[in-house]
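Visitor: The following block contains a protein sequence and its predicted model.
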Amino acid sequence: MKIALLCRNANLYSHKRIVEAAEARGHQIDVIDHLRCYIDIASSDPEVHYRGESLKGYDVVIPRIGASVTFFGTAVLRQFEMMGVYPANESVAISRSRDKLRSMQLLARQGIGLPVTIFAHKTSDAAEVLKLAGGAPVVIKLLEGTQGIGVVLGETTKAAESIIQAFGGVNTNILVQQFVKEANGEDIRCLVVGERVVAAMIRRGKEGDFRSNLHRGGTAEAIKITPKERATALKAANAMGLNICGVDLLRSNAGPVVMEVNSSPGLEGGAADGRPQAGLPTGGHPHRRRRTGDGRSALERPVQTYTHDAACACGARAA
Ligand SMILES: Nc1ncnc2c1ncn2[C@@H]1O[C@H](COP(=O)(O)OP(=O)(O)O)[C@@H](O)[C@H]1O
Ligand SMILES: [Mg+2]
């Protein structure tokens, strides 16, 4: 197969591993910086241009679009979709997952466990929002934050109110969320490929930080998850329409709750010793039913097979 890997930085660990896994299976894979693409929309024959050439003949596109460039990145991906190239994740599913509020609404509709979450804009009534979220301590989040930036703990009523007011002052959308204290600064990242959780890791925040993001100095370790956690992760991936994603769960007293679903999960972390794991299946995963049937499902299985290999090659133990 001829594969396009859409990403900004070919040297990132995860991208290198995807390239290695695809090449190991005999595919041609080209790394394409989507910000350097331009798209020809008006033409009856839709095209993506890159470095003076028209990109042709791709069977599959693997999008690894950074949160800061979602708008342009998903437009380029959509163009590939218009050209009939099979996307490992669809552009619409990526857009969906990038908006925390939209994601939570979709997950809630499927009856998936979530922390109590209140959505507010420029609120003059911080006290009422806080009350609805169950009172301090609460977690306050920017709607489109990522890597733990824009996630703040309001430990006391006074602190939480000031944070809500401060965000209100800069005219931004926020979520106010029940603080799941019993999670102890840990969360679980489940790597979903197709209909399976192929790896899971527990991430721990650095000393004194309730945020477990690896980008914030957290550490990660492979973990065996419970059947309930696995079922929740799969249901969340399905609700978002993502074939390949990282589902982040918190272990709350009421069971697993989903915090977010990431459409470009990092493949590092876990027992990342770079050793391909023996004994893991390398194919035959049933493919996900796509939200929009377009008769291209025959390609889904191979895509998931090597993505699964890439995930496994990162060293995380199969869950
Ligand atoms: N409601 C919550 N209760 C406890 N910890 C939380 C809560 N929300 C987020 N966290 C912690 O903060 C981290 C970052 O939050 P998250 O919503 O994933 O934002 P980001 O998109 O920036 O990663 C999470 O990985 C988790 O460790
Ligand atoms: Mg997160």
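Guide: Received, thanks. Ligands and ions are numbered 1, 2, ... in the order given.
Visitor: Isn't residue 14 up against residue 244?
Guide: No: here residue 14 does not reach residue 244: they are 11.3 Å apart, not a contact under C-beta atoms under 8 Å. Backbone N, C-alpha and C define where each C-beta goes, glycine included.
Visitor: Touching both of the two, which residues are there?
Guide: Common neighbours of residue 14 and residue 244, counting by C-beta atoms under 8 Å, 6 or more residues apart in numbering, are residue 265.
Visitor: So if I had to pick from those two, which one is more boxed in?
Guide: Shown here are residue 14 and residue 244; by other C-beta atoms under 10 Å, residue 244 has more neighbours (27 against 19).
Visitor: where's the more buried one relative to residue 260, distance?
Guide: Here residue 244 is placed at a distance of 15 Å from residue 260 (C-beta to C-beta, to the nearest Å).
Visitor: again with residue 158
Guide: Counting by C-beta to C-beta, the separation of residue 158 from residue 260 is 28 Å.
Visitor: got it, and residue 219?
Guide: Between residue 219 and residue 260 the computed distance is 19 Å (C-beta to C-beta).
Visitor: Residue 112 too?
Guide: Separation of residue 112 from residue 260 (C-beta to C-beta) stands at 12 Å.
Visitor: do the same with residue 140
Guide: 15 Å.
Visitor: Please apply the same query to residue 1.
Guide: Relative to residue 260, and taking C-beta to C-beta, residue 1 is found at 31 Å.
Visitor: Have a look at these two and say which one is more surrounded.
Guide: A count of neighbours by other C-beta under 10 Å puts residue 260 above the other of residue 1 and residue 260, at 21 against 16.
Visitor: What is the neighbour count of the closest residue in space to the more buried one that isn't next to it in sequence?
Guide: Closest residue to residue 260 apart from its sequence neighbours, by C-beta to C-beta, 6 or more residues apart in numbering: residue 248 at 5.1 Å. Neighbours of residue 248 under the rule other C-beta under 10 Å: 21.
Visitor: residue boundaries of the strands in the stretch 51-200 of the chain?
Guide: In the stretch 51-200 of the chain, the segments counted as strands under DSSP state E, counting those that start in this stretch are 53-54, 60-63, 86-87, 117-120, 138-146, 149-154, 174-178, 186-193, 196-204.
Visitor: Out of those strands, which is closest to residue 40?
Guide: With C-beta to C-beta as the criterion, residue 40 lies closest to strand 53-54 of the strands of the stretch 51-200 of the chain, at 8.1 Å.
Visitor: Please state the mean pLDDT value computed over the closest one.
Guide: The average pLDDT for strand 53-54 rounds to 94.
Visitor: how far out from the middle of the chain is that strand?
Guide: 30 Å (C-alpha atoms, centre = their mean, to the nearest Å).
Visitor: try stretch 133-140
Guide: 25 Å.
Visitor: repeat for stretch 236-251
Guide: With C-alpha atoms, centre = their mean as the basis, the mean position of stretch 236-251 lies at 7 Å from the chain mean.
Visitor: And stretch 189-207, by the same measure?
Guide: Stretch 189-207 sits 11 Å away from the centroid of its parent chain (C-alpha atoms, centre = their mean).
Visitor: Residue numbering should commence at 164 henceforth.
Guide: Fine by me, first position is 164 from now on; the one you just mentioned is stretch 352-370.
Visitor: which residues in the protein form helices?
Guide: Secondary structure of the chain (DSSP state H): helices located at 176-187, 233-245, 254-261, 263-272, 289-295, 320-332, 390-403, 463-476.
Visitor: Distance to ligand 1 and mean pLDDT for those - can I get that in CSV?
Guide: Below are these laid out as CSV (distance: least, C-beta to the nearest ligand atom, whole Å; pLDDT from 0 to 100):
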stretch, distance to ligand 1, mean pLDDT
helix 176-187, 16, 95
helix 233-245, 13, 96
helix 254-261, 10, 95
helix 263-272, 7, 93
helix 289-295, 14, 91
helix 320-332, 13, 90
helix 390-403, 13, 98
helix 463-476, 19, 50
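Visitor: So which bits of this structure are right by ligand 1?
Guide: With the criterion set to C-beta under 6 Å from any ligand atom, the chain comes near ligand 1 through 278, 302, 304, 308-311, 314, 340-343, 346, 350, 368, 373-376, 411, 413, 422-423.
Visitor: at 5 Å instead, please
Guide: 278, 302, 308-309, 311, 314, 340, 342-343, 350, 374-375, 422-423 (C-beta under 5 Å from any ligand atom).
Visitor: Which of those residues are buried, as a PyMOL select command?
Guide: In PyMOL syntax, the buried subset of the residues of the chain next to ligand 1 is picked out as below (16 or more other C-beta atoms under 10 Å):
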select buried, resi 278+302+308+309+311+314+340+342+343+350+374+375+422+423
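Visitor: Quick one: residues contacting residue 402.
Guide: Taking C-beta under 8 Å, 6+ apart, we find residue 402 in contact with 269, 270, 272, 273, 275.
Visitor: same thing but 6 Å
Guide: Contact analysis of residue 402 by C-beta atoms under 6 Å, 6 or more residues apart in numbering lists 269, 270, 273.
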